[in-house]
Structures are given as C-alpha cells and as structure tokens.
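Asker: From the sequence below, what's the structure:
(one chain, ligands or ions: 1)
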Amino acid sequence: MESLEVLRARVEVLLFDVDDTVTTDGRVEPVAIEALEALRAAGIRTVAVTGRPLGWAEVIAWTWPVDLAVGENGAGWMWRHGRHFVTRYFEDEPTRVAQRVALDAIAREIGRELPALPHAGDQALRRCDVAWDVGETWHAPEEDVVRASALIRAAGMRAPRSSVHLHAVPGHWDKARGAVRALADRFGLGPEEARRSCAFVGDSGNDAEAFAFFDTSVGVANVREHLSRIPTPPRYVTPSPRGRGFAELAQRLITHARGIDG
Ligand SMILES: [Mg+2]
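Answerer: Residues are numbered from 1 along each chain as shown. The predicted structure is shown next:
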C-alpha cells in the first residue's frame with residue numbers, strides 16, 4: 001500500500017464505507033461529517049456504501065451529506081431527489097422473495113447449531129440479507145464465526161464479514177457490483193468510467209471487492225488489522241485510522257481537485 005501523499009487521481013465521486021471508516025465505536029465522527037460537507041462543496045459527490053441495513057441506508061440518504069447510499073453490501077441503493085425518494089434493488093422482486101425463503105432457512109439452521117451467536121442488532125431493518133453480531137457488542141469466538149461461515153457457504157450463499165458483522169448473502173451482489181449499478185442509476189456512469197473516475201475508501205473484509213475494482217482504492221489506517229481477509233489490498237492508506245483518516249483523504253482529494261499541488 002502506498003502513502004496518501006502520492007495519490008494524484010482527480011476524483012469525481014468518493015464512495016465510502018461507514019463502520020470504522022467514518023465511525024469509531026459506532027458513532028459518526030464530526031470530523032468525517034465535516035469532510036463530507038467539504039467534499040460536496042468542492043464538487044465531489046459522496047456515496048455511502050455500507051453493509052448496514054437498507055433501513056439505515058434510507059436514513060443516511062435522507063439525512064447525511066451524501067448523493068447516494070448503498071446498503072446491505074450492494075443489495076440495494078437509494079437517493080433523495082428534492083422531496084422525492086428513489087429506491088432500487090440489485091435483484092427483482094420474485095428473486096428477492098425466493099431468497100427470503102433461503103435466508104429464513106439458514107437463520108434457523110445457525111440458530112440451532114450455534115445458539116450463542118446472536119443476530120446483528122440491526123437485523124429488523126434488513127431486507128435482503130441476514131447478519132450476525134461477531135464484533136459489535138462482543139467478540140464472537142473465532143471458531144463459531146468460521147463454523148457459521150461454512151454453514152452459509154454450504155447453503156449456497158456467500159459469507160462476507162465486516163469488522164462488526166457476518167452476513168449471509170443469497171445473491172451475486174457485493175460492494176463493487178452494487179456500487180457499479182447504483183452509480184449507473186444515479187449518475188449515468190458506465191462501469192469503466194466508474195472504475196476510473198471514482199475513489200473508494202474502506203477498512204475491512206466486506207470492502208475487498210471494492211478495493212479490487214476501483215482504480216483509486218484507499219484504506220483508512222485500521223485496514224491493516226483486516227488485511228488477511230482482503231486479497232487485493234487498497235492502493236493507498238491514510239496516516240490516521242477511521243474518521244480522521246477519512247478526513248485526511250477528503251482533504252487530499254479536495255486539494256488535488258483544485259490543482260493546488262502537483
Ligand atoms: Mg467498515
């Protein structure tokens with residue numbers, strides 16, 4: 001990974017992970033919100049891309065300084081258009097209904113096999129996946145997380161993991177695929193244009209596909225704790241962790257967009 005100092009890309013859109021990228025212990029850092037406002041004032045569009053529920057993405061899209069919010073690791077996305085609100089999904093409705101049946105089955109199976117592994121506290125707001133708390137309110141035993149991941153995969157689903165949650169994902173979405181569709185819907189960007197003109201910043205395993213896809217991929221400093229689950233590490237890393245690292249990246253992008261430095 002290279003220092004942020006050598007980042008030279010002129011970026012039109014900054015996509016960002018939420019947990020442990022703009023938050024610490026689940027609280028959004030004021031410095032990160034200020035950085036989002038500054039990015040938009042500089043003409044750089046902002047897009048939240050989170051593993052959190054679509055119910056959270058809806059609140060983020062309504063209330064944060066963002067142009068678009070992608071939730072559940074790419075399962076859906078939404079944006080505010082004046083007083084109107086647009087919601088889109090990766091899968092069509094019949095597919096989502098069938099996937100719900102499969103999700104209910106894996107949730108029952110893991111509940112039987114690993115009764116001590118709790119659902120994520122935000123499960124009620126999820127629409128397209130199921131999540132378990134592996135690091136948000138406690139530290140789940142690693143063997144339980146490995147066992148749950150194996151059960152999810154045996155059921156034909158993927159099992160991405162963030163710093164806080166393990167997910168059962170029954171479709172082909174991930175943060176990169178969901179973001180590409182969302183960027184096309186919201187801004188009319190094609191995949192190649194998106195790859196070149198957008199930056200992505202995150203910190204953990206469920207950001208891996210986005211780190212691999214976007215040319216300008218950035219990890220906040222705490223990404224170093226999760227590199228074992230990230231096959232293609234981000235190209236750049238910020239000096240500071242979490243919200244302060246995000247603000248450092250924002251400042252770098254704004255400075256460079258204005259052509260103030262080389
Ligand atoms: Mg994160």
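Asker: When you work out contacts or count neighbours from here on, use the C-alpha atoms and nothing else.
Answerer: Fine.
Asker: residue nearest the centroid of this protein?
Answerer: In the chain, the centroid-proximal residue (CA atoms, centre = their mean) is T50; its distance is 3.0 Å.
Asker: give the contact list for it.
Answerer: With contacts defined as CA atoms under 8 Å, 6 or more residues apart in numbering, T50 is in contact with F16, D17, V18, D19, A57, A69, V70, G71, E72, N73, G74, K175.
Asker: 7 Å - rerun?
Answerer: Residues counted as contacts of T50 (CA atoms under 7 Å, 6 or more residues apart in numbering) are D17, V18, V70, G71, E72, N73.
Asker: Using TSV, please lay out those residues together with distance to V169 and secondary structure.
Answerer: Output for the contacts of T50, formatted as TSV (distance: CA to CA, whole Å; DSSP: H, G, I helix; E, B strand; the rest coil):
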residue	distance to V169	secondary structure
D17	18	coil
V18	19	coil
V70	15	strand
G71	12	strand
E72	9	helix
N73	9	helix
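Asker: And the buried ones among the residues you listed, selectable in PyMOL?
Answerer: Only the buried entries of the contacts of T50 go into this PyMOL selection, using 16 or more other CA atoms under 10 Å:
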select buried, resi 17+18+70+71+72+73
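Asker: From the ion, how far out is the residue nearest to the centre of the chain?
Answerer: 7 Å (CA to the ion, to the nearest Å).
Asker: Count the residues that sit near L117.
Answerer: Residues lying near L117 (other CA atoms under 10 Å) number 17.
Asker: Let's see stretch 155-168 as CSV, backbone CA atoms only.
Answerer: C-alpha atoms of stretch 155-168 as CSV (Å, rounded to 0.1, in the frame of the first residue of the first chain):
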residue,chain,number,x,y,z
ALA,A,155,-26.3,-23.4,1.8
GLY,A,156,-25.0,-21.8,-1.5
MET,A,157,-24.6,-18.3,-0.2
ARG,A,158,-21.6,-16.0,0.3
ALA,A,159,-20.5,-15.0,3.8
PRO,A,160,-18.8,-11.6,3.8
ARG,A,161,-17.6,-10.3,7.1
SER,A,162,-17.0,-6.7,8.3
SER,A,163,-15.4,-5.5,11.5
VAL,A,164,-18.8,-6.0,13.2
HIS,A,165,-21.0,-8.5,11.3
LEU,A,166,-21.0,-11.8,9.4
HIS,A,167,-23.6,-11.8,6.6
ALA,A,168,-25.5,-14.5,4.7
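Asker: Much appreciated, bye for now.
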